[in-house]
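J.: model the structure of this input:
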Amino acid sequence: MARKVFFSFHYDRDIFRVSQVRNSNIIKGQYQQTQFLDHADWEAVRRNGDASIKRWIDGQFEGSTVTCVLIGNETNSRKWVHYEIEKSIERKNAILGIYINEMKSINGATDFRGVNPFDSHKIGYNSLTNVAPTYSWVSGDGYLNFGKWIETAVNSFKQINSFRGS
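T.: Predicted coordinates for the structure are as follows:
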């Protein structure tokens with residue numbers, strides 16, 4: 001079954017690292033990705049205010065079954081990442097996190113590991129941190145393991161959602 005993956009991330013700070021994930025061809029085949037905006041398109045959406053951003057995000061979720069949060073140093077500070085996590089919980093998407101701080105930026109630097117944004121979310125009585133798996137793209141060899149990570153998240157959330165009346 002093809003899975004549509006919604007990627008959540010801090011656009012301004014992490015787009016270069018995110019593009020490396022996106023362009024690694026891991027999405028081809030049984031996974032589809034939601035649309036990525038280029039900088040000019042993102043600025044146009046953002047310029048129209050919060051309601052416009054919510055509409056765009058909500059539209060991108062259509063048909064998605066998995067949410068992958070790409071976690072950089074400042075991801076936890078982004079309100080739209082938290083909105084996307086809450087939307088994912090509401091939609092009953094499988095959720096996973098991938099730390100991207102070990103990846104090189106456009107200037108060749110790596111970054112400090114950021115706080116897990118799942119820490120401030122719950123599914124029922126469960127902390128999302130205890131439910132949603134997280135991995136490191138570099139040390140976890142994401143290029144080879146992304147598909148396994150997606151399926152692990154899907155299987156974990158099947159059990160959770162069965163208790164939630166999925």
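
J.: what number of residues lie near residue 118?
T.: Other residues near residue 118 come to 23 when the count uses other CB atoms under 10 Å. Bear in mind the C-beta positions are built from the backbone N, C-alpha and C, glycine included.

J.: could you verify my assumption that it touches residue 153?
T.: No: if you go by CB atoms under 8 Å, residue 118 and residue 153 don't touch, sitting 11.7 Å apart.

J.: where does this protein have its least confident helix or strand?
T.: Ranked by mean pLDDT, DSSP states H and E, the weakest helix or strand in the chain is strand 31-33, scoring a mean of 59.

J.: let me see the ranges of the helices in the chain.
T.: Along the chain, the stretches classed as helices by DSSP state H are 11-22, 39-47, 50-61, 79-91, 128-131, 142-163.

J.: okay, residue 73 and residue 111: tell me how far apart.
T.: 5 Å (CB to CB, to the nearest Å).

J.: on that earlier part again, need the residues touching each of residue 118 and residue 153.
T.: Common contacts of residue 118 and residue 153, defined by CB atoms under 8 Å, 6 or more residues apart in numbering, comprise 95, 132.

J.: so where's this structure uncertain?
T.: 1, 25-40, 163-166 (pLDDT under 70).

J.: closest to the centroid, which residue in it?
T.: residue 69 (2.2 Å; CA atoms, centre = their mean).

J.: isn't it up against residue 117?
T.: Yes: look at residue 69 against residue 117 with CB under 8 Å: they come within range, at 6.3 Å.

J.: joint contacts of the two?
T.: The contact lists of residue 69 and residue 117 share 75, 81, 85, 97, where a contact means CB under 8 Å, 6+ apart.

J.: could you dump those to a markdown table with neighbour count and distance to residue 15?
T.: Shown next, in a markdown table, are the shared contacts of residue 69 and residue 117 (neighbours: other CB atoms under 10 Å; distance: CB to CB, whole Å):
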| residue | neighbour count | distance to residue 15 |
| --- | --- | --- |
| 75 | 24 | 12 |
| 81 | 21 | 13 |
| 85 | 22 | 19 |
| 97 | 25 | 18 |
